[in-house]
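**Student:** Got a sequence here, can you model it:
(one chain, ligands or ions: 1)
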Amino acid sequence: MKKFIIGSNGQIGTELRLLLEKRFGYEQVLAADIVRNDEADKRFVLLDATDSDALRAVFERYRIDDVYLMAAILSARAEQMPRKAWHVNMSILHNLLELGREGLFHKLFWPSSIAVFGPHTPKENTPQFTVMDPDTVYGISKLAGERWMEYYYEKYGLDVRSVRYPGIISWKTRPGGGTTDYAVEMFHYALRREPYTCYIAPDERLPMMYIDDAIDATVRLMDAPAAGINIRSSYNLAAVSFTPRELEAAIRRYVPDFQVDYVPDFRQDIARTWPDSIDDSTARRDWQWEHRYDLDAMVRAMLTGLQKNLYPEAELSF
Ligand code: AKB
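**Tutor:** Numbers count the residues shown, from 1 in each chain. The predicted model follows:
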């Protein structure tokens with residue numbers, strides 16, 4: 001086994017697994033999660049990666065080159081269980097960093113997030129290096145994780161790579177527990193012809209990205225020659241930025257009777273502290289990152305993907 005994905009059932013893990021299998025072959029990809037989806041899945045291990053002995057046993061059994069740690073408790077859910085979120089988000093990373101230091105694998109991908117920024121961070125075109133004062137447990141854990149990643153690179157030469165994902169929009173697997181999940185929910189409601197109540201304020205702009213771009217960024221960064229990677233904490237990464245009202249309007253182009261009302265809750269307090277847009281010029285320079293999906297391309301990909309696979313009855317005015 002060459003590639004190992006922890007959190008393979010999640011929103012990003014699911015699609016990353018498909019891509020890595022396609023690219024490197026089924027036999028080269030090992031997947032792990034805390035829940036088993038398919039009893040017949042031979043390339044899957046049921047694993048609680050917070051258990052360092054259980055994690056070590058996987059590395060002793062399989063020969064692994066690259067690890068993708070895609071398991072985390074996201075921002076909104078983390079606020080409901082701060083100690084557990086801290087434990088889960090930090091302990092798996094720490095367990096892996098130690099195994100990497102011992103030479104049990106070569107390269108580690110671990111995603112950070114726009115949640116590392118906080119209320120005093122410049123909101124427009126947030127720079128790579130700037131004020132970082134996150135006030136959520138998730139954001140604090142991501143910022144601490146970034147520092148640990150760089151530490152293991154500097155002190156032990158471990159090949160660690162990371163991007164700060166914005167909100168990720170996808171249809172194959174739903175996100176769970178994030179602040180940006182509203183953007184995915186809106187599509188499901190639109191296709192079911194149900195009105196949607198949005199928990200984020202209509203004009204709250206947030207950086208977002210279609211899943212194909214997120215997977216492409218992940219793979220490009222992992223492919224890049226080590227010498228060209230100048231950031232070992234985490235790279236800023238951007239594609240589009242929009243408000244809930246702009247997304248509503250973009251969906252309404254294809255679902256004209258779609259209705260949204262706005263009842264902001266505690267997740268709006270989180271969103272308010274995150275950037276409106278991100279300057280990702282360092283990633284674009286260092287490993288030739290470029291996004292492909294703008295707002296309209298993303299909306300069309302979401303609506304057609306969901307219609308084909310989940311809501312075949314839904315009519316779209318393309
Ligand atoms: C969340 O909303 O918690 C995540 C993120 C931006 O990291 N989608």
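
**Student:** Quick check: the gap between the nearest residue to Arg220 once chain neighbours are set aside and Ala57.
**Tutor:** Spatially, and ignoring its direct neighbours in sequence, Arg220 is nearest to Trp287 (5.6 Å; C-beta to C-beta, 6 or more residues apart in numbering). C-beta here means a position set from N, CA and C on the backbone, and glycine is covered the same way. Remark: distance between Trp287 and Ala57 (C-beta to C-beta, to the nearest Å) = 33 Å.

**Student:** Ala72 now?
**Tutor:** Ala72 is 22 Å from Ala57, by C-beta to C-beta.

**Student:** Between those two, point out the one with more neighbours.
**Tutor:** Using other C-beta atoms under 10 Å as the criterion, Ala72 and Ala57 rank with Ala72 on top: 26 against 13.

**Student:** how much space between the more buried one and Thr197?
**Tutor:** For Ala72 relative to Thr197 (C-beta to C-beta), the value is 26 Å.

**Student:** likewise Glu154?
**Tutor:** 47 Å.

**Student:** Comparing the two, which shows the higher neighbour count?
**Tutor:** Neighbours per residue, other C-beta under 10 Å: of Glu154 and Thr197, the larger number sits with Thr197, 14 against 10.

**Student:** residue contacts, that one?
**Tutor:** 260-263 (C-beta atoms under 8 Å, 6 or more residues apart in numbering).

**Student:** Would you verify that Tyr68 is located in a helix?
**Tutor:** No - according to DSSP: H, G, I helix; E, B strand; the rest coil, Tyr68 belongs to no helix; its state is strand.

**Student:** and Arg164, backbone torsions?
**Tutor:** Backbone torsions for Arg164, taken as degrees, to the nearest 10, come to phi -90, psi 90.

**Student:** so it sits right up against Tyr235, yeah?
**Tutor:** Yes - counting by C-beta atoms under 8 Å, Tyr235 is a contact partner of Arg164 at 6.7 Å.

**Student:** Compare the two (neighbour count), which wins?
**Tutor:** In this view Arg164 and Tyr235 are compared by other C-beta under 10 Å, and Arg164 has more residues nearby, 26 against 23.

**Student:** The more buried one - nearest residue in space that isn't next to it in sequence?
**Tutor:** Ser112 (4.5 Å).

**Student:** How about the contacts made by that neighbour?
**Tutor:** 142-143, 145-146, 162-165, 233-234.

**Student:** what about 7 Å?
**Tutor:** Residues counted as contacts of Ser112 (C-beta atoms under 7 Å, 6 or more residues apart in numbering) are 142, 145-146, 162-164, 234.

**Student:** do Lys123 as well
**Tutor:** For Lys123, the contact set (C-beta under 7 Å, 6+ apart) comprises 275-276.

**Student:** does it count as helix, strand or coil?
**Tutor:** Here Lys123 is coil, with the state taken from three-state DSSP.

**Student:** Could you check the pLDDT of it?
**Tutor:** pLDDT recorded at Lys123 is 98.

**Student:** That one and the ligand, how far apart?
**Tutor:** According to C-beta to the nearest ligand atom, to the nearest Å, Lys123 stands 15 Å off from the ligand.

**Student:** how much space is there between the residue nearest to Thr50 when sequence neighbours are not counted and Ser317?
**Tutor:** Once flanking residues are discounted, Thr50 sits nearest to Ser91: 4.6 Å by C-beta to C-beta, 6+ apart. Using C-beta to C-beta, we find Ser91 at a distance of 49 Å from Ser317.
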